[in-house]
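1. here are the coordinates; sequence isn't available:
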């Protein structure tokens, strides 16, 4: 099972965190941007090559201490076809280093269209009798709002290709409650969606008791995080909102089970831009600063859980 592989990495590294690689040009050090600007001009290629170099340098510094990365697809799509190629290359590079890759795409649709999304991000496409992986991520974030029609194609690929999905359940953004906290009968929408995750994953339970259908549950809502952990015993959590969005280690500890498993916590800007906040840190050492912040985050979280 895909999440078994992720959990094995978490246990081996004693680190239940994932680094979000969501780069904007303003996050990158000036020397890196100028290097590729001189080579390619003010172009999409220059921006994308600078981002790829930034990503690879950070991956080189964290792959031995962090089990996973989570590139957000939008930050690559904004640079057009060059950016999408950089997303693909970043996924490949991280996997070469042994990292687990979660593509944050929040995709969904129905029928053949969802099958195409699932194939693109998690599966393989047949090109004249040759199977080729378009992106090759290990897991994908998805929107469950279209119901079972939009999830079934993903379940099939999860089973066939040993992949996982994370369904949006209770997101970390301030306005999430406008819809997610509304009630259907007596149950809030986030509980209904969580229950659906349990149902969708019921036939794909791994060795640690978690299915291939995970849930996105934000660190910024610790009460709901606690509630959902108790309610969804077979659902692995992806927890955004730690760090820059205000979630803390004590709050995210509620996402974990009694063995310190069942969740992985994301941090993006705090790690990518650590060099900007470190006193007297030269920008050339941006990746070393990222490593130090990743270690600090790991230690912060692990002190609040009982990781077996």
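-> Alright, I've got the coordinates. In this text the structure is predicted, and so the values were computed from the model without any measurement. Numbering: from 1, shown residues only.

2. does residue 102 count as helix, strand or coil?
-> strand (DSSP: H, G, I helix; E, B strand; the rest coil).

3. And it, what's its pLDDT?
-> With respect to pLDDT, residue 102 scores 98.

4. OK, contacts around it?
-> 18, 68, 69, 70, 137, 138, 139, 140, 141, 166, 238 (CB atoms under 8 Å, 6 or more residues apart in numbering). Heads up, the C-betas are built off the backbone N, CA and C, glycines and all.

5. I'd say the second one and residue 238 touch.
-> No - under the criterion of CB atoms under 8 Å, residue 68 lies out of contact with residue 238, with a separation of 9.7 Å.

6. what sits in contact with each of these two?
-> 18, 102, 264.

7. Which of the helices or strands spans the last one?
-> To tie it back to what came earlier, the one meant is residue 264. Secondary structure assigned from DSSP states H and E places residue 264 in strand 263-267.

8. if we look at that strand, which residues are touching it?
-> The contact list for strand 263-267 (CB under 8 Å, 6+ apart) reads 6, 10, 16-20, 67-68, 70, 219, 229, 236-244, 252, 255-256, 293-294, 297, 301.

9. Could you rerun that using 7 Å?
-> Strand 263-267 is contacted from outside by 6, 10, 16-20, 68, 70, 219, 236-240, 242-243, 252, 255-256, 297, 301, using CB atoms under 7 Å, 6 or more residues apart in numbering.

10. just stretch 114-134 next, same as before
-> With CB under 7 Å, 6+ apart, stretch 114-134 has contacts from 103, 105, 107-109, 135, 137, 140, 150, 153-154, 157, 161, 163.

11. now stretch 141-156
-> 102, 104-111, 114-115, 118, 165-168, 193, 196, 200, 216.

12. Tell me which of these fall in helices.
-> Among those, the members found in helices (DSSP state H) are 111, 114, 115, 118, 193, 196, 200.

13. What does the pLDDT read for the second one?
-> Residue-level confidence at residue 114 comes out at 95, pLDDT.

14. what do you get for the first one?
-> For residue 111, the model assigns a pLDDT of 87.

15. What number of residues are in the vicinity of the nearest residue to it once chain neighbours are set aside?
-> Nearest non-adjacent residue to residue 111, counting by CB to CB, 6 or more residues apart in numbering: residue 149, 6.7 Å away. Neighbour count for residue 149, taken as other CB atoms under 10 Å: 12.

16. Quick check: which element contains residue 149?
-> Assigned by DSSP H and E, residue 149 falls in helix 148-161.

17. Could you do residue 9 as well?
-> Residue 9 belongs to helix 2-13 when assigned by DSSP H and E.

18. list the buried ones in that helix?
-> 2, 3, 4, 6, 7, 9, 10, 11, 13 (16 or more other CB atoms under 10 Å).

19. Give the helix, strand or coil label for residue 141.
-> At residue 141 the chain is in strand, as set by three-state DSSP.

20. so what pLDDT did it get?
-> At residue 141, the pLDDT value in this model is 98.

21. any idea which of the shared contacts of residue 68 and residue 238 is closest to residue 43?
-> Residue 43 has its nearest neighbour among the shared contacts of residue 68 and residue 238 in residue 102, at 29.2 Å by CB to CB.

22. If the closest one is in a bridge, with which residues?
-> Judged by DSSP bridges, the bridge partners of residue 102 are residue 139.

23. Please work out how many residues are found near residue 86.
-> 26.

24. pLDDT weak spots in the chain?
-> Applying pLDDT under 70 to the chain flags residues 243-247, 308.

25. mind listing what residue 30 touches?
-> residue 283.

26. Can you tell me how far it is from residue 291?
-> Distance, residue 30 to residue 291, by CB to CB, to the nearest Å: 20 Å.

27. List the buried residues of stretch 258-271.
-> By neighbour count on 16+ other CB under 10 Å, the buried set for stretch 258-271 is 260, 261, 262, 263, 264, 265, 266, 267, 268, 269, 270, 271.

28. May I have the phi/psi pair for the residue lying closest to residue 205 once chain neighbours are set aside?
-> Leaving aside its sequence neighbours, residue 205 sits nearest to residue 211 (CB to CB, 6+ apart; 5.1 Å). With angles defined as degrees, to the nearest 10, residue 211 sits at phi -90, psi 180.

29. ok, residue 211 to residue 116 distance?
-> Residue 211 is 24 Å from residue 116, by CB to CB.

30. neighbour-wise, which of the two wins?
-> Neighbours were tallied for residue 211 and for residue 116 using other CB under 10 Å; the higher tally belongs to residue 211 (26 against 16).
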